[in-house]
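**Student:** Sequence and predicted structure are below.
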Amino acid sequence: MINCLGVDSLLIITILQGRAMSALDFATSSYLSYLLDQIKENHNKDAAYVSYTGPIDTLFLDYYKNQIEQLATSHKNGLARDDYELNIILNTPGGVVEAVEKMVEINRYHFKTVNFIVPDMAMSAGTIFCMSGDNIYMDYSSSLGPIDPQVKNDNGKWVPALGYLDKYEELVRKSIDNVISGVEFARFQNIDLAELSRYEQAKELSISLLNEWLVEYKFKDWNVHSTTGKKVSKRQKVARAKKIGEMLMDNKLWGSHGRMISMKTLIEKVKLKIDDYSNNIPLRNSLNQYSELITEKMQQRNLPVFMHHREGN
């Protein structure tokens, strides 16, 4: 039928389709803002809120900076520095630890307190990102992941650094014990030492940042041991941070880079303090709807990353 229409008719149809798409975008944006208002109302209505959905990469740093600057400018009117609080609703498969470091610097320049809300998952570098928060909010179905920084190899693919380092150490041990196979020996000889060095640097940076952020932010109010009532020393905070880092980086413990670590496991096994909002049903429902709508919008528009906030929120 469209083939029978003239050029003017086709142009009108195209314009109408564009208007319909704009109307759909407007409706989606309006409902996202409504849901964000519900989240604020059931969590902390005086704080600023922003969502980040997608992988973490240096490619998106300008976008991230612009969004945080807009939010900070609209939120700070009339507030004292100590009142600047940012809640980040995070949903990410992970990414680049160097990008996380810069994002944390951006957050802390503008906001005194930074919290993370994880309605679904924050894996790998996303987990490191959460460790820079003063508080982490999860429900029973939320997940963090083992910390395994992603590094781009010579083929342009993102690979888990710790997986490669573990494999290299395994081949070294087999070579020393003379139990290495011919295929493994050939693979061992072809390992690029410069590439291996980049994996080691990514690992060391991840450990360094995690230890620093846990002590400075997450443990800042941990002053008394809950069991003994004794004062918590700086040395004890550093030791706890190191232990948490070692556990989250232990591939043998988790068995898979993609392992989803539940809030219960993080609290009981890793001994990480998590704020549980499972029983706050209005907040949980709003967060779930909010996250699902963002995911649908990203799929429809083929967006790699999406951030959302409200001016003046």
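**Tutor:** Sure, I can see it. Numbering: from 1, shown residues only.

**Student:** all contacts plus neighbour counts: C-alpha atoms, from now on.
**Tutor:** Noted.

**Student:** In this structure Ile274 contacts Ile136, no?
**Tutor:** Yes. Between Ile274 and Ile136 there is a contact at 5.4 Å, judged by Cα atoms under 8 Å.

**Student:** Quick one, grab the pLDDT at the closest residue to Phe111 other than its chain neighbours.
**Tutor:** What sits nearest to Phe111 in space, not counting adjacent residues and going by Cα to Cα, 6 or more residues apart in numbering, is Tyr84, at 4.9 Å. For Tyr84, the pLDDT comes out at 81.

**Student:** got it, and the one 3 residues further on?
**Tutor:** Per-residue confidence at Asn87 stands at 97 (pLDDT).

**Student:** Enumerate every residue touching it.
**Tutor:** Contact analysis of Asn87 by Cα atoms under 8 Å, 6 or more residues apart in numbering lists Ala47, Ala48, Tyr49, Val50, Val114, Asn115, Phe116, Ile117.

**Student:** Same check on Pro149?
**Tutor:** Pro149 makes contact with Gly95, Val96, Val97, Ser124, Ala125, Pro160, Ala161, Leu162, Ala202, Lys203, Ser206 under the criterion Cα under 8 Å, 6+ apart.

**Student:** tell me the centre residue of the chain?
**Tutor:** Geometric centre of the chain, nearest residue: Gly126, 2.7 Å, by Cα atoms, centre = their mean.

**Student:** Going by contacts, tell me the helices and strands next to the helix or strand where that residue lies.
**Tutor:** Assigned by DSSP states H and E, Gly126 belongs to helix 125-130. Applying 3 or more Cα pairs under 8 Å, 6 or more residues apart in numbering; DSSP states H and E, one finds that helix 125-130 contacts helix 97-110, helix 193-213.

**Student:** Among those helices, which comes closest to His309?
**Tutor:** His309 lies closest to helix 97-110 among the helices and strands packed on helix 125-130, at 14.3 Å (Cα to Cα).

**Student:** Report the mean confidence score over whatever helix or strand comes next after the closest one.
**Tutor:** Toward the C-terminus, helix 97-110 is succeeded by strand 113-118 as the next helix or strand (DSSP H and E). For strand 113-118, mean pLDDT rounds to 97.

**Student:** Note down every partner strand of strand 113-118 and its orientation.
**Tutor:** strand 85-91 (parallel), strand 135-138 (parallel) (DSSP bridges).

**Student:** Next, the angle helix 97-110 makes with it.
**Tutor:** In terms of direction (axes from the mean of the first three to the mean of the last three Cα atoms, to 10 degrees), strand 113-118 departs from helix 97-110 by 130 degrees.

**Student:** Check what contacts strand 113-118 and list those residues.
**Tutor:** Contacts of strand 113-118 (Cα under 8 Å, 6+ apart): 82-91, 107-108, 130, 132-139, 142-143.

**Student:** Just the buried ones among the residues you listed, please.
**Tutor:** Among these, those scoring as buried are 84-91, 107-108, 130, 132-139, 142-143 (criterion: 16 or more other Cα atoms under 10 Å).

**Student:** How much space separates Leu36 from Gly133?
**Tutor:** In this structure, Leu36 and Gly133 are 20 Å apart, going by Cα to Cα, to the nearest Å.

**Student:** do Lys40 as well
**Tutor:** 18 Å.

**Student:** Please apply the same query to Gly245.
**Tutor:** Distance, Gly245 to Gly133, by Cα to Cα: 15 Å.

**Student:** How many residues are close by Ser206?
**Tutor:** Applying other Cα atoms under 10 Å, we find 24 residues neighbouring Ser206.

**Student:** Do I have it right that Arg284 meets Tyr277?
**Tutor:** Yes. Using Cα under 8 Å, Arg284 is in contact with Tyr277, at 7.1 Å.

**Student:** all helices in the chain, in order from the N-terminus.
**Tutor:** Assignment of helices within the chain using DSSP state H yields the ranges 7-41, 61-75, 97-110, 125-130, 161-176, 182-189, 193-213, 234-248, 251-254, 263-268, 281-301.

**Student:** pull the helix or strand with minimum mean pLDDT from this protein.
**Tutor:** helix 182-189 (a mean of 59; mean pLDDT, DSSP states H and E).

**Student:** Ala72 and Lys112 touch, don't they?
**Tutor:** No. Contact criterion Cα under 8 Å: Ala72 and Lys112 do not qualify, at 11.1 Å.
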